[in-house]
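[1] After the sequence you'll find the predicted model.
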Amino acid sequence: MRLASSETSPGEPSVAPRRDELLSAIDHLVSRAATHDQKFALLVLNLLEFREFNIHFGHQQGDFLLREVVRCIQEVLRPDDRVFHIGGDEFAVLLSDLKAVQVVPLAMERILDAVESGKYLAEGIPAVSLRAGGAIFPDHAGSRDELLCAADNALYAARKSRRRYSIYDSSLHAQNQQRIQMRKDLAASLEKDRLLFHYQPQIDLREKRIKGCEALIRWPHETQGWINPEIFIAAAEESALIEDLTFWSLNVVLREWAQLAENMPGNSIAINLSATLLNSREIVDMVERALNIWNLPPASLTLEVTESAMMSDPQAALDTLNALNELHINLSIDDFGTGYSSLAYMKHLPTRELKIDKSFVMNMMNNPKDQSIVQSVIDLAHNLNMQVVAEGIENQATLDLLVDMGCDTGQGYFISRPLPLEGAKAFLNGFPYGAVDKS
């Protein structure tokens, strides 16, 4: 099998989604299992980075890849087992008449090994990867819909833990329901503009002037109070909701920054970029549209990306960052020191700023090793013609030491906590720092 032609020959697996066929097949197996005391398994599989494959090789080759994946899976199954392409980058497999449940993980490993071997791909085409989740009837479900939900839960667990596959665990159900409800609540709050931003000032440590702010999203839930941003952003990243949330955030932040920076030309607002969007060129269009809507210069925006986000797919991240750099916005590596980026990779990045993770800054007064790390990062950044931002400044001694070290910019509770819009206005108008109550 070779990925070379996108033409479909007679008898080849269809690329058209077959979800209806899958549902009918499950109904048949449910009925047969009840009368013959049999077990069967549903596997759901997700092809990773299929969107990027289409971008690099074209949609015709993408369609051909989907057919070849179906064919590859079918070749390692038993004659009575079936594979379905159920839409986009998703597949399903039915393992009928299980003699032992231990067959399920073995079958999943065989499927993943076969697809990920890439033996059916033409030379120069990279091997693809899958994640898989499995559930067994009637052990994990008593109906078709329950089985589908259980298999989806298992797939989610595999993706979240970055394992190749996962078998359904009943403890996952409650977590899944909470996750689904959070996404629904978040979508409703987003539609009604119930989310908001707080702004944490950043200062030029040498010149003792405002350099800008970091925008931090907040969600005051109607019944649960303030939700941790890490939790609801992770929930959004599991679906297309992250795109809506990002575009909404860019527009709100740029609109409010136009008010905050009205008397401070040359300053910039920093906003965190989701790891999910870093591997998609769609973020470039989002940023350009938002800047045009609010008529702000590109240099007024800084996008912060984490090391770990960049390293999940270094080439895709580099392509996206280069495209963003062409818009002349500022790019910053956030939480530097906690990821795994290499110097060989870093030298190619179009970033202009390193942001030292606060865990090093907060402890460096009592930990000489942390102090050495902070100094090394500052020296490294300057040697690469990059600016350095230190977050986590909580006292005067830390601020003074960072000035002596040559750090460019700082933020932290000693300077100011993140403030709602009106509080940020008051702080910026009343600077220098020390003019606000830090209690």
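    Looks like it arrived, so ask away.
[2] The helix or strand containing A258: what's the following helix or strand?
    Per DSSP states H and E, A258 falls inside helix 241-260. Once the chain leaves helix 241-260, the next helix or strand it forms, by DSSP H and E, is strand 268-272.
[3] Which SSE is immediately downstream of that following strand?
    Elements were assigned by DSSP H and E; along the chain past strand 268-272, the next helix or strand is helix 275-278.
[4] now the helices for the stretch 301-439 of the chain?
    Listed from the start of the chain, the stretch 301-439 of the chain has helices (DSSP state H, counting those that start in this stretch) covering 307-311, 314-326, 343-346, 358-363, 368-383, 396-405, 421-430.
[5] quick one: secondary structure of the residue lying closest to L147 once chain neighbours are set aside?
    Closest residue in space to L147, ignoring its immediate chain neighbours: A141 at 3.9 Å, by C-beta to C-beta, 6 or more residues apart in numbering. For every residue, glycine as well, the C-beta is placed using N, CA and C. On the three-state scheme (DSSP: H, G, I helix; E, B strand; the rest coil), A141 is labelled coil.
[6] Tell me who's in contact with A141.
    For A141, the set of contacting residues under the criterion of C-beta atoms under 8 Å, 6 or more residues apart in numbering consists of A135, L147, C149, A150.
[7] Turn the residues you listed into TSV, columns for pLDDT, distance to M182 and secondary structure.
    Formatted as TSV, the entries for the contacts of A141 read as follows, by pLDDT from 0 to 100; distance: C-beta to C-beta, whole Å; DSSP: H, G, I helix; E, B strand; the rest coil:
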residue	pLDDT	distance to M182	secondary structure
A135	95	23	strand
L147	93	24	helix
C149	88	17	helix
A150	91	20	helix
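[8] Just the buried residues out of those, in PyMOL syntax.
    To isolate the buried ones among the contacts of A141 in PyMOL, judged by 16 or more other C-beta atoms under 10 Å, type:
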select buried, resi 135+147+149+150
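[9] Please identify which of the contacts of A141 is nearest to L196.
    Proximity of those to L196 (C-beta to C-beta) peaks at C149, which lies at 33.8 Å.
[10] Just to check, that closest one is in contact with I180?
    No. Shown here, C149 and I180 do not form a contact pair, counting by C-beta atoms under 8 Å, at 9.8 Å.
[11] If we go by neighbour counts, what in stretch 226-237 is buried?
    So stretch 226-237, judged by 16+ other C-beta under 10 Å, has buried residues I227, F232, I233, A234, A235, A236, E237.
[12] Give me the nearest residue to the last one, chain neighbours excluded.
    In other words, E237. In space, and not counting its chain neighbours, E237 is closest to T276: 4.6 Å by C-beta to C-beta, 6+ apart.
[13] No further questions, thank you.
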